[in-house]
Each structure stands twice: as structure tokens, then as C-alpha cells.
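Novice: have a look at this prediction, sequence included:
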Amino acid sequence: METLEQIKARIEAAVSGTRLGIIPNDSPSAQRSLLVDNERGLTVAKFLRDDAELQLDYCSNATGVDWPEAELTEKIKVKQVVDGVEKEVEEVKKTIRPGYLETVYHLYSMARKHGPVILRLRTENRTDKNHLPSLTPVWRSCEFQEREIFDLYGIVFDGHPDLRRILMWDEFKDFPMRKDYVEPDDYEYEPTPHDDVLEKVKQRQAQGVKS
């Protein structure tokens, strides 16, 4: 199979105006991924499926990731005058990375027996701009998995044929897999023993958290 750099170059040549990035991976697997802009996400997916060399005809897994706002630090070299002499010193630069949600797709070719190619799509934020294009029209195996991501992370998949909750009940509030999710003290539709509820309330009050 072609390298990720080669795949990226061919997508950019075939899909006008697309913006792509290669995301590194420091884990032992070292499986890098391809970040695709949302406007061209569906078109890129069709290219990966229909291209004669790739034929990525199967999505084995689609999952959500929550990235809350975070403070990032990096060490940079700057020039400063110390005791009348210009020297290069190391400083710590801090920046704020805005929060966003992400969907990750693992793609394989059953026809050509290769893969995976890992595709990423990111929302603009975690609140009102949480839409991504559904890839279910390209890979039918995404249907239930995108519903699960919608249910647990709150990503809205535009173009999905049946976007509704799949694990939680319709009246359920919030998204349980987000990193800032706070479990309620009790559930209206799932009664909990009183002693357990009382203990949870006491713990929250001791931590200064409102129920």
C-alpha cells in the first residue's frame, strides 16, 4: 500500500480545495492518521473507497474522542541580553488550545487486503459547532457507530440516515463519554438504592460540587 504521504498527495490532486494534515502517533503502534477538513470529508471518503489503487471498501471502526480546552506548554529558544552579553536562553511558552470533538475512522480494503488508513474529522468546538459529515453513505458499517458517537459525545452527523440515541434513553441529558461529564446523583428512570444516593450527595457536597 502507498505511504500516507503518497495518499495525501493524491487526494490533494484529486479533490480540489481540500485541506489535509498528517497526525503523528507516539504510541508503540506508531499508526499515523490523516486529518481531513469537514467541507471535503465526504468527498475524500468517496475517493478513498473508489480509487483503484486503494479500494478502502470497509470501515472496521469509528469512534469519538473528546478534547477539552487545554493549556499547552513548549520550550523555545530566545535571545536575551544577560550582564551586557547577548545569550540564547530557554523559555516556556504557554498557549490555550480550544476544545473540540473528533471522530476517528479505521479503513481497510477487503478487495486488496491492505490497511488500515486512519481518517480523522474534527468539530469546530464542543458546544454549538459540533457538526461533522456522516460517512455512512460511503461505508454502511458507520451507521450504528456514528449513532453511538452522537449518543455518547454529542457529535451531530449531517446526512446520517437515522441519527438518534442508541444506548441512552431519549430523555437522557448530556453526553456520558465527555471528559467533563458529571454523573447525576440519581436517575429518574433507573432507581438507585437510597443509601448509595445519599453517599454520593455527601461526597459532592464535601467537594463543593452542586448536584
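Specialist: Done, it's in.

Novice: got a list of what Gly17 touches?
Specialist: 39-40 (C-beta atoms under 8 Å, 6 or more residues apart in numbering). C-betas here are computed from N, CA, C, even on glycine.

Novice: what of Thr123?
Specialist: 38, 100-102, 129-132, 155.

Novice: likewise Pro98?
Specialist: By C-beta under 8 Å, 6+ apart, the contact set of Pro98 is 69, 125.

Novice: kindly report the same for Thr103.
Specialist: 62-65, 120-121, 132, 146, 149, 155.

Novice: same check on Glu91?
Specialist: Glu91 sits in contact with 75-78, where contact means C-beta under 8 Å, 6+ apart.

Novice: return the subset of these lying in strands.
Specialist: 75-78 (DSSP state E).

Novice: list just the nearest of those to Ala206.
Specialist: Distances from Ala206 to the ones in strands among the contacts of Glu91, taken as C-beta to C-beta, are shortest for Lys75 (38.8 Å).

Novice: shouldn't that closest one be in contact with Glu90?
Specialist: Yes - when contacts are counted by C-beta atoms under 8 Å, Lys75 is listed as touching Glu90 (5.4 Å).

Novice: any shared contact partners between those two?
Specialist: With C-beta under 8 Å, 6+ apart, Lys75 and Glu90 have no common neighbours.

Novice: picking that back up, narrow the contacts of Thr123 to those that are buried.
Specialist: With burial judged by 16 or more other C-beta atoms under 10 Å, the buried subset of the contacts of Thr123 is 38, 100-102, 130, 132, 155.

Novice: would CSV of the residues you listed with pLDDT be doable?
Specialist: Listed next are the buried ones among the contacts of Thr123 as CSV, based on pLDDT from 0 to 100:
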residue, pLDDT
Asn38, 95
Tyr100, 98
Leu101, 98
Glu102, 98
Asn130, 97
Leu132, 98
Ile155, 98
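
Novice: how does the chain divide into domains?
Specialist: By the assignment in automatic domain parsing, the chain contains the domains 4-65+101-180, 184-211.

Novice: tell me which of these lies nearest to Val82.
Specialist: Once the domains of the chain are compared by C-beta to C-beta, domain 4-65+101-180 is nearest, at 34.7 Å.

Novice: between the two ends of that closest one, how far is it?
Specialist: 34 Å (C-alpha to C-alpha, to the nearest Å).

Novice: tell me where the model's unsure across the chain.
Specialist: Within the chain, the ranges that satisfy pLDDT under 70 run 186-194, 209-211.

Novice: just the strands in it please.
Specialist: Under DSSP E, the chain gives strands at 20-23, 33-36, 58-67, 70-82, 85-97, 100-109, 114-122, 131-133, 156-158.
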